[in-house]
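**Student:** this one's structure only:
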């Protein structure tokens, strides 16, 4: 037996790339009239999909008949960024990773041909390669078993496919960018975090490096403590448009002092930066603070990826001006953290989003924040 | 990209004209509308502050300048003329009103 037993890096696989002939289905499409999709393989496809692991195909065939066969077998919808053609498989796998924006170390490739696996492994050593004979064991492997499967993870494929339709439409749209945003019918919900949304909040603070104002990761345990503290607001933002849900896209951690609200964390998903999500969230918060008669102080630690967040703060009017309200905020041990200040003024409602949000000026009597009071 | 500080006045004028023309082209291409140099881009019915963020990145990448601190105010990006002035000031290295 020469089963390849890959040395498994700890990272969960984010996309599995399937060969078709004698791997996904039994038989060779060009030689046989009928190819068969065995039930155990179908179970692996739907199982991985339910875990939020994306799947693609990479096959030496003509695209049209192969894709038609996948449709006839009822599984075409499970595969994103398919690469069916006659080029090198390593090139195809790289294109899939590029299209998905995934690092090669999160891609897995399964093929019955040792030569194809060797070719991919030679050019893309980070990609984990599997013999087709182990296909039915994939669901039992740790690298295909994410530690937690959030609501967003379960519909990751649908969100990716909606993103493709959105991008196609944007490419065809010739009017002003703002008109395109309006045409999306964006709906943003801001909610106080609860136990069910907490995992998504933690995931966001881990993944949203581009639009994280401090680069601080808030683990689940810390977030639970803050949620139970009535001085804190932990808010999670979800976004939907007419193409489908974007899922949880923003998180905000706020510490309320008398006369000043301290924005400890504002992070938004880089997937939705181009919609102005960060600015809409910030504008809403400024308006809430203005209603409460509170100044705002936002923590900002510059890094090479959160420049857009800095611009959003500065354009909203945040600056380094001295103010008596700064005395309420303890000095941060991290000297790289800037404390940007704003005298909050009322703001207009967003023009490109429909927004629903809690009233932060009223005490939170329903959320988990009240449980641990005192 | 650095520009010597002892440039002739006419060179400065040419440079400003070039930046102005390029910016007007960029704005027209991105928004599908014409923008005279003194038109307020963000007045009612105009562009979003999100687009202003895009302008910052565009100016920095196109002209090799870095817009920092209090230079990052919406007012500096309100018209083509103001953006040209900002770029010119940052490129000639004149002391600006950078924040702390």
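**Tutor:** On my side now, so go ahead. Note that this is a predicted model, so its numbers are computed, not measured. Numbers count the residues shown, from 1 in each chain, chains lettered A, B, ... in the order given.
**Student:** which bits of chain A sit near chain B?
**Tutor:** Where chain A comes near chain B, counting by CB under 8 Å from any CB of the partner chain, the residues are A:174-178, A:274-276, A:279, A:307-308, A:310-312, A:314-315, A:317, A:319-320, A:351-352. Just so you know, the C-beta spots here come from the backbone N, C-alpha and C atoms, and that holds for glycine as well.
**Student:** filter those to the buried ones?
**Tutor:** A:176-178, A:275-276, A:279, A:307-308, A:310-312, A:314-315, A:317, A:319, A:352 (16 or more other CB atoms under 10 Å in any protein chain shown).
**Student:** Residue A:156: which of the residues you listed is nearest?
**Tutor:** Closest approach to residue A:156 among these (CB to CB): residue A:275, at 18.8 Å.
**Student:** Could you pull up the residues touching that closest one?
**Tutor:** With contacts defined as CB atoms under 8 Å, 6 or more residues apart in numbering or on different chains, residue A:275 is in contact with A:181, A:184, A:186, A:239, A:352, B:50.
**Student:** which helices and strands sit right next to the helix or strand encompassing residue A:289?
**Tutor:** Residue A:289 is part of helix A:277-292, with elements assigned from DSSP states H and E. Helices and strands touching helix A:277-292, as assessed by 3 or more CB pairs under 8 Å, 6 or more residues apart in numbering or on different chains; DSSP states H and E, comprise strand A:186-192, strand A:232-241, strand A:244-257, strand A:260-268, strand A:295-300, helix A:307-315, strand A:353-356, helix B:49-63.
**Student:** partners of the closest residue to residue A:82 other than its chain neighbours in the sheet?
**Tutor:** Distance criterion CB to CB, 6 or more residues apart in numbering or on different chains; nearest residue to residue A:82, sequence neighbours excluded, is residue A:57 at 4.7 Å. Residue A:57 has these beta-bridge partners by DSSP bridges: residue A:18.
**Student:** measure the spatially most central residue of chain A to chain B for me?
**Tutor:** The C-alpha lying nearest the average C-alpha coordinate of chain A belongs to residue A:269 (CA atoms, centre = their mean; 6.3 Å). Applying CB to the nearest CB, to the nearest Å, the value for residue A:269 to chain B is 15 Å.
**Student:** just to revisit the earlier point, which two among the buried ones among the residues of chain A next to chain B are spaced furthest apart?
**Tutor:** A:176 and A:319 (30.3 Å).
**Student:** Do me a favour and average the pLDDT over stretch A:66-76.
**Tutor:** Average pLDDT, stretch A:66-76: 95.
**Student:** Stretch A:247-255 now?
**Tutor:** Mean pLDDT, stretch A:247-255: 88.
**Student:** How far does it sit from its chain's centre?
**Tutor:** Its chain's C-alpha centre and that of stretch A:247-255 lie 13 Å apart, by CA atoms, centre = their mean, to the nearest Å.
**Student:** Over to stretch A:326-341?
**Tutor:** 30 Å.
**Student:** For it, measure first residue to last.
**Tutor:** Terminal residues of stretch A:326-341 are spaced 8 Å apart (CA to CA, to the nearest Å).
**Student:** from memory residue A:106 sits against residue A:16, does it?
**Tutor:** No. Residue A:106 is beyond contact range of residue A:16, at 10.2 Å (criterion: CB atoms under 8 Å).
**Student:** lowest confidence element among the helices and strands of chain B?
**Tutor:** helix B:9-31 (a mean of 80; mean pLDDT, DSSP states H and E).
**Student:** could you check the angle helix B:49-63 makes with it?
**Tutor:** Relative orientation of helix B:9-31 and helix B:49-63, computed by axes from the mean of the first three to the mean of the last three CA atoms, to 10 degrees: 140 degrees.
**Student:** What is helix B:9-31 packed up against?
**Tutor:** helix B:49-63, helix B:80-91.
**Student:** nearest to chain A, of those?
**Tutor:** helix B:49-63 (3.7 Å; CB to the nearest CB).
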